[in-house]
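# Just a sequence and a predicted model for now, questions to come.
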Amino acid sequence: MKKEFFITRYDVKAENSFALDDNIMVKDGLTTGGSKMLHNFVSPLQATVVEKLLDAGMELAGKTKLDEFTAPGIAAETCDILSGAVGAVSEGACKIALCNDVSGKIRRQAPENGLYYIHPTYGTVSRFGLIPTVSSMDQIGIVCKNIDDGFNALGIITGHDEKDVTTFPQKSYAYTPKEGGFKIGIPSNVMELTDEKGRKAIYNFTGKYDTEETELKYFEVFAQVMYILSSAEIGNNTSRYDGVKFGYRTENYTGLNDLYTKTRTEGFGLDMKLLSIMGAHVLSRQNYEAYYLKSMKIRRLIKEHAIDLFSRYDAIALPLKLNDPDPYKNSALYAFATLCGLPSVSVPLGSDGGIQLISQVKNENSLFGICKGGR
Amino acid sequence: MEYEIVMGLEVHVELATKSKLFCACAAKFGAEANENVCPACAGMPGMLPVINKRAVELGIVAGLVTNCEITRTISFDKKNYFYPDLPTGYQITQLYAPICRNGFVDIETEAGNKRIRIKQIHIEEDAGKLVHDYRPDSSLVDFNRASVPLIEIVSEPDFRSSDEVVAYLEKLRSLLTFADVSDCKMQEGSMRCDVNISVRKVGSDILGTRTEIKNMNSLKAIARAIEFESQRHISALETGCEELVQETRRWDDNKGETYSMRDKEDATDYRYFPNPEILPVHISDEWISEIKDSLPELAHEKYDRLTGCYGLSDYDSKLITSGKNISDIFDRTLEFVDNPKEVANWIIGDLASIAREENKSYDEIEIDCEKFGKIIKMVENKVINRTIGKKVLQLLFRDNIDPESYVRENKLGMITDAGYLENVIKEVLAENEKSVLEYKAGNQKVISFFVGRIMRKTQGKADPGSVNSILRRELNDWN
């Protein structure tokens, strides 16, 4: 049986088409964010990325399925469902797919399905028209089969947008071999937690480059920091879904509090409820300092560490999975790029599975170059 | 036992920007429900806040006129709570780096001069408005006001009487309206004041239980609310029949009392955190000095100009600078009539009394200053007399008529023809012989009676100067 990856699908030729996760808005079209909360929500606006791709002559293939508000799920079942964006590109329904990968699920699933995922620097692509998940980490990225197609498309959607103040000017991307060759750091503290296959993928890929063992500091708290900060922002960003103005509203209620409680109980899935509760907890008066503020401080330390690492390496290589299958622990592998707003590319490596390459802010070209095998 | 009232104020003022704080919607008052609403200020996902630079500028102005330190890098935070008039479920405000800190405002009351310290001023967005009495079974929400920029001016607990509170609010209003920060209309909600109040025995330095009073929409209501609430505190302390709790209370202007909102205000946890969608704004020295240089003339500066350059009296100058609107009328009329004393006389003597007759406050006066100036000129040039001038002004006030054509069409031009006036005066004297005899007997008061009769016969158009001299001559010649 063929699996359906689309929520809405248009009859266009795949060669020059793009799909969007259903949290990116197409004017006057349904945009559900993957949530019952927005089951009937018609976009009042056109996302900047959509405008740019249509202007460049690409066609919209459809809207793909995603986890509810693309939130980093804790419930095990959501982690195993194949992302609609990955599925759609993988089955050849479109050339590229756009999504917002906060959790790392797409960065893991793309290479496992023979695809690249380009997660650009925070602020590269306008988020105007993207339903927000974690505002300090949200970034639209690209699933593609061919890395040139991916960077081509990124060149189209990149650049400053006055409707998103975090965006910066950027024109296009090009790979050039680096004089003296790219230098890649391999964090041994992460490799120790990786299985044989994952280690093999990294060593095979980086074999032809100048590599060095290094340490990815604070790795043991990445997942905690990531979940504390993202739950706070998710809870806040989704508090607008209350049944008052648009989207889902419960049928029977008595009074305001009942309207809120029933609407949100019925409208959100388990992950969203867990994250909202956790978000309220970490921001509450008595916990703010111990959880939220502490995490922000650690986030700053991690960013400082990133600056130090990338003064020595063009990229850091990380595996796609840890030895331990626990999805929460595995999210640490993706939290580095997400927390620091760093660009990363997930690289498919056939029977070796795949790896992640992460670089310094705005240094997508090095990642492009390494993917193209340039030295 | 003698008690002392201790109060601190939180004053919300809507900034006079054309658009809202984070979107391009109009920020004006009085539109149809939900007319000025876009996906962003209706709380729909997918729009990102873009800060209105003018709002930051007005925040800086507010800080400058209240002697505050301006924070050089300001940031915005999110304050979380659920309420239907708050479309996103959070309010964007400033908790960690408010735009202004440590200022003061000097006030004057009958008790003397006093300095009120300002703790901070921060910028935030307003919420929408619920309408409860439109339908019996549900409430409606109007988002026109949602995301309109506000500043909240937080004072230190420096107030000891309602007189001080009123003087402070009047001073703030003068400073902020003259600086074009806000129109500060309490009845339209563009200036709102919450009072934090407690009482303690005189001499004690421990603060009593504090309550917050909201929902007063006039200075009078504020004074009454303070009076009621402080008495409630005192009698609670004296009699012990009521336990004071820290809470928020609403003022009911009809009943003249406060009542508990019972929303456990102090148990509310707003879960503040820095807003990652708005980058911190850096305020440079250059920006501040640019704003300083372009500050409009404030009331006290204008007072100095009026008394100094124009030689107006203290009373006249105070009245003209008592409000932004009347002071603007003065300056704009001055553009057409280069005679400050005359313009001041017309405003204080005539315009103000017409406004009172029409039940309008000085702030509500709307008048075409060019036409106003024409009336003054016509009187100055003896085209019409002053009485007619005042009548024409009244019509200008009510119906915005064109003074010159009105005077022409209704033949209101001043009668200066001495021969004609002499005849009229002789007629009046002949008709009122008894009064003439009273005059002859030394009663000067009858002069005004005669003038009234003469004016009536000339439909008020006679030149008062000529009437006066001819009348006296005729009276003296009478035999």
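In hand now; what should we look at? Numbering: from 1, shown residues only, chains lettered A, B, ... in the order given.

# The residue of the stretch 1-150 of chain B found nearest chain A: how many residues sit nearby?
The nearest approach of the stretch 1-150 of chain B to chain A comes at residue B:89, 2.9 Å away (CB to the nearest CB). Glycine gets a C-beta too; all of them are placed from N, C-alpha and C. Residue B:89 has 21 neighbouring residues, counting by other CB atoms under 10 Å in any protein chain shown.

# host element of the residue lying closest to it once chain neighbours are set aside?
Nearest non-adjacent residue to residue B:89, counting by CB to CB, 6 or more residues apart in numbering or on different chains: residue A:239, 2.9 Å away. Residue A:239 is part of no helix or strand when elements are defined by DSSP states H and E.

# three-state assignment of the nearest residue to residue A:280 once chain neighbours are set aside?
Setting aside the residues directly before and after it, residue A:280 is nearest to residue A:235 in space (CB to CB, 6+ apart), at 5.6 Å. At residue A:235, secondary structure determined by DSSP: H, G, I helix; E, B strand; the rest coil is helix.

# one step back: looks like the residue of the stretch 1-150 of chain B closest to chain A contacts residue B:82 (just checking).
Yes: between residue B:89 and residue B:82 there is a contact at 5.9 Å, judged by CB atoms under 8 Å.

# thinking again about what came up before, in contact with the residue nearest to residue A:280, which residues?
By CB atoms under 8 Å, 6 or more residues apart in numbering or on different chains, residue A:235 lies in contact with A:275-280, A:283.

# if you set the cut-off to 7 Å instead, what comes out?
A:275-276, A:279-280 (CB atoms under 7 Å, 6 or more residues apart in numbering or on different chains).

# Spell out for me the PyMOL command that would select the buried members of these.
The PyMOL selection below is limited to those of the contacts of residue A:235 classed as buried (16 or more other CB atoms under 10 Å in any protein chain shown):
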select buried, chain A and resi 275+276+279+280
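
# Adding pLDDT, write the contacts of residue A:235 out as TSV.
Putting the contacts of residue A:235 into TSV (pLDDT from 0 to 100) gives the following:
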residue	pLDDT
A:275	95
A:276	95
A:279	96
A:280	96
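
# residues near residue A:160, how many?
That count, for residue A:160 with other CB under 10 Å as the rule, works out to 13.

# Surely it touches residue A:167?
Yes: between residue A:160 and residue A:167 there is a contact at 4.9 Å, judged by CB atoms under 7 Å.

# and the gap between the residue of the stretch 1-150 of chain B closest to chain A and residue B:334?
As judged by CB to CB, to the nearest Å, residue B:89 and residue B:334 stand 51 Å apart.

# can you check residue A:344 too?
For residue A:344, the distance to residue B:334 equals 68 Å [CB to CB].

# Okay, now the unreliable bits of the chain?
Answering for chain A, as no chain was given. Scanning chain A for pLDDT under 70 picks out the ranges A:1-3, A:76-77, A:374-375.

# Wait, chain B was what I had in mind.
The model of chain B has pLDDT under 70 over residues B:262-267.

# Which parts of chain A are helices?
Per DSSP state H, chain A carries helices over the ranges A:48-55, A:76-80, A:84-90, A:105-112, A:147-157, A:188-191, A:196-206, A:222-237, A:256-267, A:270-283, A:294-312, A:327-330, A:332-340, A:364-371.

# Could you point out which of those helices sits nearest residue B:268?
helix A:270-283 (12.5 Å; CB to CB).

# Can you name the residues of the stretch 51-200 of chain B that neighbour chain A?
Contact residues (CB under 7 Å from any CB of the partner chain) of the stretch 51-200 of chain B with chain A: B:78, B:80, B:82, B:84, B:87-90.

# neighbour-wise, which of the residues you listed leads?
Neighbour tally across those (other CB under 10 Å): the maximum, 27 neighbours, falls on residue B:78.

# roughly how far is the longest helix along chain B from the heart of the chain?
When chain B is parsed with DSSP H, its longest helix is helix B:219-239. Relative to its chain's centre, helix B:219-239 lies at 26 Å (CA atoms, centre = their mean, to the nearest Å).

# Can you name the element that comes right after that helix?
Next along the chain after helix B:219-239, taking DSSP H and E as the criterion, comes strand B:247-252.

# List the buried residues for that next one?
B:247-251.

# And stretch B:394-409, by the same measure?
Quick answer for stretch B:394-409 (16+ other CB under 10 Å): B:394-397, B:401, B:403-404, B:406-407.

# Pull up the distance across that stretch, start to finish.
Terminal residues of stretch B:394-409 are spaced 17 Å apart (CA to CA, to the nearest Å).
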